[in-house]
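Peer 1: Show me how the following folds:
(one chain, ligands or ions: 3)
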Amino acid sequence: MVLGRQSPYTTPHILHKNYAQASDDQFASKLIGSDLEYFSQAGFDMDRIHLKRNAPVAQLYEDAIRNEGAILSSSGALINFSGKKTGRSPKDKRIVYEDTSKDEIWWGSVNIKMDEHTFEINRERAIDYLNTRENVYVFDGYAGWDPKYRIKVRVICARAYHALFMNNMLIRPTEEELANFGDPDFIIYNAGQFPANRFTKGMSSTTSVEINFKRMEMVILGTEYAGEMKKGVFSVMHYLQPVKFGQLSLHSSANVGMEKGDVTLFFGLSGTGKTTLSADPHRLLIGDDEHVWSDTGVFNIEGGCYAKCINLSQEKEPEIFNAIRFGSILENVVYDPASRTPDYDDVSITENTRCAYPIEYIPNAQIPCLVERQPSNIIMLTCDAFGVLPPVSKLTADQASYHFLAGYTSKTPGTEDGVLEPIPTFSTCYSAPFIVLHPGRYAEMLADRMSKHNVSCWLINTGWTGGKFGTGKRCPLSYTRRIVDAVHSGELLNAEYENFGVFGLQIPTKVEGVPREVLNPALAWADKEAFEREVRKLAGMFQKAFTLYEGDVQESVRDAGPKLE
Ligand SMILES: Nc1ncnc2c1ncn2[C@@H]1O[C@H](COP(=O)(O)OP(=O)(O)O)[C@@H](O)[C@H]1O
Ligand SMILES: C=C(OP(=O)(O)O)C(=O)O
Ligand SMILES: [Mn+2]
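Peer 2: Ligands and ions are numbered 1, 2, ... in the order given. Have a look, this model is predicted:
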């Protein structure tokens, strides 16, 4: 029997009778009769396709290499290519306008409406496409490490690469959990190789990424970028956690001190350093990207991490570098054909090169990925392209609410389709592309929890220092790490502070190991007038961006922003 020898995480269930050997077949039918029914009812052509459910990692490797042009790298990771789209497509992401969720959703600029009928058409198109494939992969796993708040997710896709990606990114069920999986709570139909029909009402391109909260389904057409799936799961949790469970979903990483057990959350849009800074040799990693702050503590939504590989080195980011081995997926990374060694400095395919690995590949992972303890520190990561914000400042409760709602940062090249250089942006809740409810709902829950548990809050600029990008340079990672260490050791709590101009931020006058002129950007700019001009320009941008939320917050929060008298 094949099963006994598999890893505890993956169990091969081959659903199709023509494909499997007799013993597998008997076994499969015993376990998953109701699933077979589900697939037939959904329109899958069970006489034609081979369904491979939770296939072993090695088998997914074989299929990806044989059928999809994947490459085995020298470290044992699998190098895959996502084709034309190498980042997310936010302009093609839609939410279905339907009676169960329409009054909850924030139909602001990010959530584009799709009607129910168009969803049905695209869903059918995805299933029709999957029916033309020889292999259809199914991965069943969980989102959310706390059993009270987790959901069951099913991914149905045509590429072994996508199945392996979600095997790494979801929480892998045990054999027993898989056998008793039952009906999923959320299903992703990924037919990314096949385009959307541009003549379908409501389509604006051949790419379509859509979520239906009534059906609890997601359909992907016309993009093979795997990150769409994990962020789709996040969007669902960003809706379900506050609305159904009363818990706060966070676009953040999280870790916990080995000695003190203190928990830190790192908020930040893509590229600001959530993954890099949460991998810390002195702390246990809870997760690198998506969490829930519940009544009882903090839990990770995912079972893996999705790190950026650009300029990755063993020396600067050893935990991540060493996680790139058998089972890990490298995405759009160029390799040396002779040695099959990845070249992380080569960005000729994209700057958004990635690696997805199971969280247990990080030596200091906290498994299960949850803590029954409330956070002590919140770090809001921003990547300031103007080089005016200090690398660290201490925020008051009102400033924390203000900056969380404003969400000032930059979009990192490559993470979204069409973004070629750092673009300053106000990404509310540091998660605008994934926001589902009105930002004020998340902000209010955050403020309540922060005050109830007396959490300290820090604004950390991992972006440019001492000038605009092109002239200044990005804050060296070693300084940011030193600052994060100073947050954790308590050094910053007891430091001396000075006021930072129109922003009214409190900045420490001294952090061991970080030069004074780095701590205070006013000292780093040679041209003082230019500095003042840029500060005022950025302050004006904040004020304009914040008008969206002014009516929803109390006066003290409104007052916590930059002032331009
Ligand atoms: N000061 C810094 N702090 C954090 N990351 C930095 C810094 N300087 C450069 N980087 C680089 O920026 C990228 C941050 O990406 P990542 O941690 O994946 O962000 P996120 O997880 O928030 O999307 C990494 O490639 C990292 O090496
Ligand atoms: C996968 C993503 O997340 P992050 O860059 O925050 O890791 C993304 O934004 O596409
Ligand atoms: Mn990340």
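
Peer 1: from the stretch 251-400 of the chain, which residue is nearest to ligand 3?
Peer 2: Relative to ligand 3, the nearest point of the stretch 251-400 of the chain is T275 (3.5 Å; Cβ to the ion). The C-beta positions use only the backbone N, C-alpha and C, and glycine is treated the same way.

Peer 1: Buried residues in the helix or strand hosting that residue, which are they?
Peer 2: Assigned by DSSP states H and E, T275 belongs to helix 274-278. Within helix 274-278, the residues that count as buried by 16 or more other Cβ atoms under 10 Å are K274, T275, T276, L277, S278.

Peer 1: got a list of what the closest residue to the third one other than its chain neighbours touches?
Peer 2: So that's T276. Distance criterion Cβ to Cβ, 6 or more residues apart in numbering; nearest residue to T276, sequence neighbours excluded, is E317 at 6.1 Å. For E317, the set of contacting residues under the criterion of Cβ atoms under 8 Å, 6 or more residues apart in numbering consists of T276, A279, A307.

Peer 1: Which element, helix or strand, includes the residue in the chain that ligand 2 sits nearest to?
Peer 2: The nearest approach of the chain to ligand 2 comes at S270, 3.1 Å away (Cβ to the nearest ligand atom). Assigning secondary structure by DSSP H and E places S270 outside every helix and strand.

Peer 1: Quick check: closest non-adjacent residue to it.
Peer 2: Once flanking residues are discounted, S270 sits nearest to T415: 4.2 Å by Cβ to Cβ, 6+ apart.

Peer 1: wait, doesn't the one you found sit right on Y306?
Peer 2: No. Judged on Cβ atoms under 8 Å, T415 makes no contact with Y306 at a distance of 11.0 Å.

Peer 1: I'd like the contacts of E317 as JSON lines, with distance to ligand 2 appended.
Peer 2: Shown next, in JSON lines, are those (distance: Cβ to the nearest ligand atom, whole Å):
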{"residue": "T276", "distance to ligand 2": "10"}
{"residue": "A279", "distance to ligand 2": "12"}
{"residue": "A307", "distance to ligand 2": "8"}
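
Peer 1: Up against ligand 3, what does the chain have?
Peer 2: By Cβ under 5 Å from the ion, the residues of the chain that approach ligand 3 are K274, T275, D289.

Peer 1: which SSE is K473 in?
Peer 2: In the assignment (DSSP H and E), K473 maps to strand 473-474.

Peer 1: what's the answer for Q59, then?
Peer 2: Taking DSSP H and E as the criterion, the element that holds Q59 is helix 57-68.

Peer 1: need the residues of the stretch 251-400 of the chain near ligand 2, please.
Peer 2: With the criterion set to Cβ under 6 Å from any ligand atom, the stretch 251-400 of the chain comes near ligand 2 through S270, G271, K274, T275, D289, Y306.

Peer 1: ok, and the closest non-adjacent residue to S278?
Peer 2: Per Cβ to Cβ, 6+ apart, closest to S278 is S253, 3.6 Å.

Peer 1: Three-state assignment for that neighbour, please.
Peer 2: Using DSSP: H, G, I helix; E, B strand; the rest coil, the three-state assignment for S253 comes out as strand.

Peer 1: Could I get the pLDDT score of it?
Peer 2: S253 carries a pLDDT value of 98.

Peer 1: Ok, the one 4 residues further on next?
Peer 2: Here, the pLDDT recorded for G257 equals 98.

Peer 1: ok, it touching I286?
Peer 2: No. Under the criterion of Cβ under 8 Å, G257 makes no contact with I286, lying 11.4 Å away.

Peer 1: Show residues contacting stretch 374-382.
Peer 2: Taking Cβ under 8 Å, 6+ apart as the criterion, the residues outside stretch 374-382 that touch it are 254, 262-268, 272-274, 277, 293, 297-298, 389, 395, 400, 403-404, 408-409, 430, 449-450, 453, 455-463, 484, 487-488.

Peer 1: Same check on stretch 482-489?
Peer 2: The list of residues contacting stretch 482-489 from outside it, by Cβ under 8 Å, 6+ apart, reads 257, 262, 264, 277, 280, 282-283, 377, 379, 391-392, 456, 458, 460, 491-492, 495, 508, 511-514.

Peer 1: thinking again about what came up before, give me the number of residues near the residue nearest to S270?
Peer 2: Counted with other Cβ atoms under 10 Å, residues neighbouring T415 total 22.

Peer 1: With A522 as the reference, measure out to it.
Peer 2: To A522, T415 is 31 Å away according to Cβ to Cβ, to the nearest Å.

Peer 1: One more: L446?
Peer 2: Using Cβ to Cβ, one obtains 30 Å as the distance from L446 to A522.

Peer 1: The two: which has the busier surroundings?
Peer 2: The residue with more neighbours, out of L446 and A522, is L446; 23 against 16, by other Cβ under 10 Å.

Peer 1: Can you read off the pLDDT for that one?
Peer 2: Predicted confidence (pLDDT) for L446: 98.

Peer 1: Over to the one 3 residues further on?
Peer 2: Confidence per residue is given as pLDDT, and for R449 that number is 98.

Peer 1: For it, give me its contacts.
Peer 2: Listed by Cβ under 8 Å, 6+ apart, the contact set of R449 reads L248, W293, Q374, V455.

Peer 1: let's see 10 Å
Peer 2: With contacts defined as Cβ atoms under 10 Å, 6 or more residues apart in numbering, the neighbours of R449 are Q247, L248, W293, S294, D295, Q374, P375, I378, V455.

Peer 1: So the fourth one is in contact with Q241, correct?
Peer 2: By that I understand S294. Yes. Taking contact to mean Cβ atoms under 10 Å, the distance of 8.3 Å between S294 and Q241 places them in contact.

Peer 1: Now do the shared contacts for the two.
Peer 2: If you check S294 and Q241 against Cβ under 10 Å, 6+ apart, the residues they both contact are G144, Y149, Q247, L248, S249.

Peer 1: Now do the helices in the stretch 251-400 of the chain.
Peer 2: All helices of the stretch 251-400 of the chain, identified by DSSP state H, counting those that start in this stretch, fall at 274-278, 318-322, 397-406.

Peer 1: same deal with the stretch 51-200 of the chain?
Peer 2: Under the criterion DSSP H, counting those that start in this stretch, the stretch 51-200 of the chain contains helices at 57-68, 116-131, 160-169, 175-179.

Peer 1: Please identify the deepest-packed of those.
Peer 2: Using mean count of other Cβ atoms under 10 Å, the stretch among those with the largest mean neighbour count is helix 160-169, at a mean of 28.
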